[in-house]
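K.L.:
Build the 3D model from these lines:
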Amino acid sequence: MESFPLIALLALVTFGIVIAFALMSKRRTEEKLEDPTAPRSRLADDTPAE
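P.N.:
The predicted structure follows:
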């Protein structure tokens, strides 16, 4: 049971890093969606323009 605190700490740090990355990605995506000059996705090339 000596390794439990280390494993718990590593799990919490990993979880924190994943949450931080998700929040940064979400913020970047929302900024891009609000930018009218942002290039359209290459996946949207075959959709009608707005």
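K.L.:
what's around T37, how many residues?
P.N.:
Other residues within reach of T37 by the criterion other Cβ atoms under 10 Å amount to 4. C-beta coordinates here come from the backbone N, C-alpha and C atoms, glycine included.
K.L.:
Contact partners for K32?
P.N.:
For K32, the contacting residues are A38, taking Cβ atoms under 8 Å, 6 or more residues apart in numbering as the criterion.
K.L.:
What helix or strand is it located in?
P.N.:
Taking DSSP states H and E as the criterion, K32 maps to helix 4-34.
K.L.:
How about that helix, which residues are buried there?
P.N.:
If you call a residue buried by 16 or more other Cβ atoms under 10 Å, then helix 4-34 has no buried ones at all.
K.L.:
ok now it, how far from the chain's centre?
P.N.:
Using Cα atoms, centre = their mean, to the nearest Å, we find the averaged C-alpha position of helix 4-34 to lie 8 Å away from the chain's own average C-alpha position.
K.L.:
Could you do stretch 28-42 as well?
P.N.:
Relative to the centre of its chain, stretch 28-42 is centred 15 Å away, using Cα atoms, centre = their mean.
K.L.:
and the end-to-end length of that stretch?
P.N.:
This stretch, stretch 28-42, spans 18 Å end to end (Cα to Cα, to the nearest Å).
K.L.:
Report the mean per-residue pLDDT for that stretch.
P.N.:
Per-residue pLDDT values over stretch 28-42 give a mean of 86.
K.L.:
now do stretch 4-23
P.N.:
When pLDDT is averaged along stretch 4-23, the result is 97.
K.L.:
what are the C-alpha coordinates of that stretch, in CSV please?
P.N.:
Listed in CSV are the C-alpha atoms of stretch 4-23, where the atom choice follows Å, rounded to 0.1, in the frame of the first residue of the first chain:
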residue,chain,number,x,y,z
PHE,A,4,-1.1,4.2,-3.4
PRO,A,5,-0.3,7.9,-2.8
LEU,A,6,2.0,8.0,-5.8
ILE,A,7,-0.6,6.3,-8.1
ALA,A,8,-3.3,8.6,-6.8
LEU,A,9,-1.2,11.7,-7.4
LEU,A,10,-0.3,10.5,-10.9
ALA,A,11,-3.9,9.9,-11.7
LEU,A,12,-5.0,13.3,-10.5
VAL,A,13,-2.2,15.1,-12.3
THR,A,14,-3.1,13.2,-15.5
PHE,A,15,-6.7,14.0,-15.1
GLY,A,16,-5.9,17.7,-14.6
ILE,A,17,-3.7,17.8,-17.7
VAL,A,18,-6.5,16.2,-19.8
ILE,A,19,-9.1,18.7,-18.4
ALA,A,20,-6.7,21.7,-19.1
PHE,A,21,-6.1,20.5,-22.7
ALA,A,22,-9.9,20.0,-23.3
LEU,A,23,-10.6,23.5,-22.0
